[in-house]
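J.: Mind folding the following:
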Amino acid sequence: MTDSPLIVWIRRDLRLADNPMLAQAAASGRPVVPVFVLDPETEALGAAAKWRLGLGLAAFARALEGIGARLIFRRGAALDVLQGLASEVGAGAVHWARLYDPEAKARDTNVKAGLRAAGIEAHSHAGHLLFEPWTVATGQGGFYKVYSPFWRAVKGLDVAVPLPAPVRLRRPAVWPASDTLEDWQLGRAMQRGAEVVAQHVGVGEAVAQARLSTFLEGPIDGYKERRDFPAVEATSRLSENLTYGEIGPRTVWHGGMLALHEGRAGAEHFLKELVWREYAYHLLHHSPHITTRNWRETWDGFGWRGDNEDAERWRRGMTGEPFVDAAMREMYVTGTMHNRARMIAGSYLTKHLLIDWRVGQQWFAECLTDWDVAANAMGWQWVAGSGPDAALYFRVFNPETQATKFDAKAVYRHRFIAELARVPGREALSYFDAVPRAWGLDARQAYPQRMISLAQGRQRALDAYAARDKD
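T.: Next up, the predicted model:
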């Protein structure tokens, strides 16, 4: 069986370089059959994430062709597809890179057991993270529940040097049949919004590498001071590419470490933000309920409001709070949202409006092209107060004072809110091209009045927290 083909099951690792699974497959000298499986877990992705995944798959398929391989597309339950493909090509082993959300772990455990029961080797690899979540522990052997000590624990750990891209993959004697990616219509739910968001995505490994290089060449120096200003191009914009594995975290880490050793001012803060991603997965692995339930059980009795008309106005970027609305419209136009804006939009929903964080979490999952299961869950619970570092639960961000501090000249707000600009720009107007026609929105309409005064919303939230603390 030493010359039997290997199947590499592609998921969120759409790159050639810094890909341990692919490197090991290439080094084996055996024929390699890459496959992507559109299984029920993947079918459940939100509209923007599924559409963006399709773009990434198309780019990765082209990259594989450049080294003599193909990406096979199959649809169905993962175990059924992989067993069937192994039988077709005579594969003796299946390899994949680990994922960490509860659904993926349950699926992968089932796949591994089923393949081995059928006499097929099954191997999972690292690659999506810098540190496997179970390898970082407190002095007492538990997991970290606060970020700062987690950072101190990992910042000095060795991170393997990224592996080079394989030059060639040995092809099987006959390529198996494949679905056509276009026939899957992964972007169907995006409807007319796809044309708008497409102008803002950066797809593929080459783009990701270029983004990192551009960031390290200049913006990293002012990263710590400038990253909170949404009108300033001060971030790496790599979240989209990390989400789909179009760049490996080890590549980003070593780029940041080189900048740190060169004395670049913002390098350490950039590395800390990369480790925030690790921390989110650390929490997800050790407390998987973070995606669906309050991370702190003491919040289970809190009187969150469910989905309602206020939440719908928030989703549509029509709250009457310009910083909040700019953030929501930015997401609809670009597929992403500036991190500072995410905190403000999230705080407004969960605190001024007292709406359940899961309402916001689900909308972000539907609209973000850089949607990440761990970061989205941790971010929403952090801002709502029910998650990690929750001593900040009483902090109610004021969108008005935040705008004064981080968007003093209203550049960001005018960039995305046509009703506030004397001459609306392309991005502000394209919001109305992207949203569903059923919303009935028009750039010529008046900007809405506030839903609730900021002082009243803040006090209502503080009163609700005080009542919670008494229970």
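J.: Does residue 351 touch residue 459 like I think?
T.: No - counting by Cβ atoms under 8 Å, residue 351 does not reach residue 459; the two are 10.7 Å apart. Yep, even glycine has a C-beta here, placed from its N, CA and C like the rest.
J.: who's in contact with residue 456?
T.: Residues near residue 456 by Cβ atoms under 8 Å, 6 or more residues apart in numbering: none.
J.: quick revisit: of residue 351 and residue 459, who's got more company?
T.: Legend: neighbour count by other Cβ atoms under 10 Å for residue 351 and residue 459, higher for residue 351 (24 against 12).
J.: ok, so what distance separates the more buried one from residue 91?
T.: Using Cβ to Cβ, to the nearest Å, residue 351 is found at 53 Å from residue 91.
J.: Report the residue ranges of every domain in this protein.
T.: Following automatic domain parsing, one finds the domains of the chain at 1-127, 129-161+202-286, 297-470.
J.: who wins for proximity to residue 189 among the ones you listed?
T.: domain 1-127 (3.6 Å; Cβ to Cβ).
J.: quick one: average confidence on the closest one?
T.: Averaging pLDDT along domain 1-127 yields 97.
J.: Tell me how far that domain lies from the chain's centre.
T.: Taking Cα atoms, centre = their mean, to the nearest Å, the mean C-alpha location of domain 1-127 is offset from the chain mean by 20 Å.
J.: Could you do stretch 432-448 as well?
T.: 27 Å.
J.: And for stretch 294-305?
T.: The answer for stretch 294-305 is 25 Å, by Cα atoms, centre = their mean.
J.: what about it, how long is it end to end?
T.: 14 Å (Cα to Cα, to the nearest Å).
J.: Name the residues that touch that stretch?
T.: When contacts are defined by Cβ under 8 Å, 6+ apart, stretch 294-305 is touched by residues 283, 287, 289, 293, 311, 350, 353-357, 381, 385-388, 390, 464, 468, 471.
J.: repeat that for 6 Å
T.: Stretch 294-305 is contacted from outside by 354, 355, 356, 381, 386, 387, 390, 468, using Cβ atoms under 6 Å, 6 or more residues apart in numbering.
J.: Which residue would you name as the spatial centre of this structure?
T.: residue 372 (2.6 Å; Cα atoms, centre = their mean).
J.: Could you tell me how far that residue is located from residue 36?
T.: Counting by Cβ to Cβ - residue 372 and residue 36 are separated by 19 Å.
J.: Check residue 288 too.
T.: Counting by Cβ to Cβ, the gap from residue 288 to residue 36 is 25 Å.
J.: who touches the residue nearest to the centre of the chain in this structure?
T.: By Cβ under 6 Å, 6+ apart, residue 372 lies in contact with residue 243.
J.: What of residue 126?
T.: Residue 126 neighbours (Cβ under 6 Å, 6+ apart): 20, 132.
J.: ok, now the one 4 residues further on?
T.: Shown in contact with residue 130 (Cβ under 6 Å, 6+ apart): 159, 249, 253, 278.
J.: Ok, residue 337 next?
T.: Neighbours of residue 337 in contact, by Cβ under 6 Å, 6+ apart: 327, 330, 331.
J.: Not counting sequence-adjacent ones, nearest residue to residue 287?
T.: Once flanking residues are discounted, residue 287 sits nearest to residue 295: 6.2 Å by Cβ to Cβ, 6 or more residues apart in numbering.
J.: meant to ask about residue 116
T.: In space, residue 116 is closest to residue 122, 5.5 Å off (Cβ to Cβ, 6+ apart).
J.: The one you found contacts residue 94, correct?
T.: Yes - counting by Cβ atoms under 6 Å, residue 122 does reach residue 94; the two are 5.4 Å apart.
J.: what do the two both touch?
T.: Here residue 122 and residue 94 share the contacting residues residue 115, scored by Cβ under 6 Å, 6+ apart.
J.: Compare these two and say which one has the larger neighbour count.
T.: residue 94 (25 against 20).
J.: Which helix or which strand is home to residue 397?
T.: For residue 397, there is no host helix or strand (DSSP states H and E).
J.: I'd guessed it sits against residue 344; true?
T.: Yes - at 5.4 Å, residue 397 counts as touching residue 344 under the criterion of Cβ under 6 Å.
J.: of the two, who's got more company?
T.: Between residue 397 and residue 344, counted using other Cβ under 10 Å, residue 344 has the larger neighbour count: 24 against 21.
J.: What separation is there between residue 350 and residue 131?
T.: Counting by Cβ to Cβ - residue 350 and residue 131 are separated by 30 Å.
J.: Neighbour count: the two, which is higher?
T.: Each of residue 350 and residue 131 has its neighbours counted (other Cβ under 10 Å); residue 350 has more, 26 against 18.
J.: Would you quantify the distance from the nearest residue to that one once chain neighbours are set aside to residue 377?
T.: Distances taken as Cβ to Cβ, 6+ apart place residue 384 nearest to residue 350, at 4.1 Å, with adjacent residues excluded. Separation of residue 384 from residue 377 (Cβ to Cβ) stands at 11 Å.
J.: intersection of neighbour lists for these two?
T.: Joint contacts of residue 384 and residue 377 (Cβ under 6 Å, 6+ apart) do not exist.
J.: pretty sure residue 259 contacts residue 221?
T.: No - using Cβ under 6 Å, residue 259 makes no contact with residue 221, being 8.7 Å away.
J.: Of these two, which one has the most company?
T.: Shown here are residue 259 and residue 221; by other Cβ under 10 Å, residue 259 has more neighbours (22 against 17).
J.: List the contacts of that one.
T.: Taking Cβ under 6 Å, 6+ apart, we find residue 259 in contact with 216, 220, 267.
J.: low pLDDT regions in the stretch 351-471 of the chain?
T.: Counting by pLDDT under 70, the stretch 351-471 of the chain contains low-confidence ranges at 390-393, 471.
J.: and residue 305, what are its bridge partners?
T.: residue 355 (DSSP bridges).
J.: Where do the strands of the stretch 51-200 of the chain begin and end?
T.: Per DSSP state E, counting those that start in this stretch, the stretch 51-200 of the chain carries strands over the ranges 72-75, 93-97, 121-125.
J.: The first one pairs with which strands?
T.: Put plainly, it is strand 72-75. Here, using DSSP bridges, strand 72-75 pairs with strand 32-38 (parallel).
J.: Show me the contact partners of the strand it pairs with.
T.: Here strand 32-38 has contacts from 5-10, 25, 57, 64, 69, 71-75, 78, 81, 89, 169, 172, using Cβ under 6 Å, 6+ apart.
J.: quick one on the thing from earlier: residue 376 versus the residue nearest to residue 116, what's the distance?
T.: The value you get for residue 122 to residue 376, if Cβ to Cβ is used, is 29 Å.
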